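Participant: model the following, please.
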Amino acid sequence: LIVEESELPIKSIEVQLLRVETCGCAEGFSRDSTEIQNIQIGDGNVVRKIAIPILMLFPRTFTCPTLLTVNFKIEFELSIVLVFEDDRMVSENFPIKLTRY
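Facilitator: Coordinates of the predicted model:
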């Protein structure tokens, strides 16, 4: 992760692992998102244009390979959350596919 520029001072940067479960039924689909893990990778106003490594061990209890069926899905997302000094937050989610070998 590289912070190119920011007009506001950054308070912290967090990475969240989210499990997204989708169930289908006659009434439609129900989507539920659960935060599995939260790691703070930056504290304070981080230096700009320097790579911040993202290392995360997935907990076995709450993760599994991505599962896609017609009426049921278990998917995962990484959410990058920037918290600014005035406590405003900006986040973006990135879908990831987990496999097990």
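Participant: going by C-alpha atoms from here, please, whenever you check contacts or count neighbours.
Facilitator: Noted.
Participant: what kind of secondary structure is the closest residue to residue 80 other than its chain neighbours in?
Facilitator: In this structure, residue 80 finds its nearest non-sequential neighbour in residue 15, 4.8 Å apart by Cα to Cα, 6 or more residues apart in numbering. Counting by DSSP: H, G, I helix; E, B strand; the rest coil, the backbone at residue 15 sits in strand.
Participant: burial measure for residue 15, as a count.
Facilitator: 21 (other Cα atoms under 10 Å).
Participant: with the one 4 residues further on instead?
Facilitator: Residue 19 sits with 21 neighbouring residues when counted by other Cα under 10 Å.
Participant: all strands of the chain, in order?
Facilitator: 10-25, 28-43, 67-68, 72-84, 89-96 (DSSP state E).
Participant: and the first one, what does it pack onto?
Facilitator: Same thing as strand 10-25. In terms of contacts (3 or more Cα pairs under 8 Å, 6 or more residues apart in numbering; DSSP states H and E), strand 10-25 is packed against strand 28-43, strand 72-84.
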